[in-house]
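Asker: Provide a 3D model corresponding to the input given below.
(one chain, ligands or ions: 1)
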Amino acid sequence: QDAHAAEMERTFIAIKPDGVQRGLISEIVARFERKGFKLVAIKLVVPSKDFAQKHYHDLKERPFFNGLCDFLSSGPVLAMVWEGEGVIKYGRKLIGATDPQKSEPGTIRGDLAVVVGRNIIHGSDGPETAKDEIKLWFKPEELNTCTINSEKWVY
Ligand code: RTP
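Answerer: Residues are numbered from 1 along each chain as shown. Predicted structure coming up:
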């Protein structure tokens, strides 16, 4: 099982301050959990602005970068690592399009958000970003490897 887990795909998912303040943690965590993905790490943190800038470094040329970093550091963020086959791509599917006006009903943003600046959740957009973001937000010892064992029921 450990060898299996070591190869499993992982993604970084964060509920932004708006999602936390609106009481949407359980609703969002439930969607990933029910799908069959495995929770590997979870913590509530208030990121500093400097940390938010690191997280969003790819967007530093965009006009909304400063406001976005102010927003991410404005309150508690629920940082998580989820694991499972195809979790990076499928996690983005569960989340829905960046702009909630364009996200399909049934997706997290489609069902629970209205505007792009308050789209409640972040998910890594590819394997490299996932690796970098997990490393930025979590220490290796914070990543759980053994307590939840749903694999034999999901795969
Ligand atoms: P995320 O990284 O948060 O999962 O979002 P994403 O990949 O779907 O979208 P991305 O283009 O990476 O943008 C990151 C976040 O920036 C905010 N944003 N604001 N026009 C705007 O005001 C604007 N555009 C993007 C959103 O919060 C988006 O999630």
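
Asker: alpha carbons only for contacts and neighbour counts from here, please
Answerer: Fine.

Asker: where does the protein come near the ligand, residue by residue?
Answerer: Applying C-alpha under 6 Å from any ligand atom, we find that the chain lies next to the ligand at Phe64, Thr98, Val116, Gly117, Arg118, Asn119, His122, Gly123.

Asker: enumerate every residue touching the third one.
Answerer: I take that to be Val116. The contact partners of Val116, taken as C-alpha atoms under 8 Å, 6 or more residues apart in numbering, are Thr98, Asp99, Pro100, Gln101.

Asker: thought Leu112 was touching the last one, still the case?
Answerer: No. Gln101 lies out of contact with Leu112 (C-alpha atoms under 8 Å); the separation is 10.7 Å.

Asker: which one (most neighbours) among the residues of the chain next to the ligand?
Answerer: Of all the residues of the chain next to the ligand, Asn119 has the most neighbours under the rule other C-alpha atoms under 10 Å, reaching 25 neighbours.

Asker: phi, psi for the nearest residue to that residue once chain neighbours are set aside please.
Answerer: Nearest residue to Asn119 in three dimensions, chain neighbours excluded: Ala113, at 5.5 Å (C-alpha to C-alpha, 6 or more residues apart in numbering). Main-chain torsions, Ala113, degrees, to the nearest 10: phi -130, psi 160.

Asker: quick check, pLDDT for Ala113.
Answerer: If you check Ala113, the pLDDT there is 98.

Asker: and the residue nearest in space to the middle of the chain, how close does it get to Lys152?
Answerer: For the chain, Ile13 is the residue whose C-alpha lies nearest the centre (C-alpha atoms, centre = their mean; 1.0 Å). For Ile13, the distance to Lys152 (C-alpha to C-alpha, to the nearest Å) stands at 24 Å.
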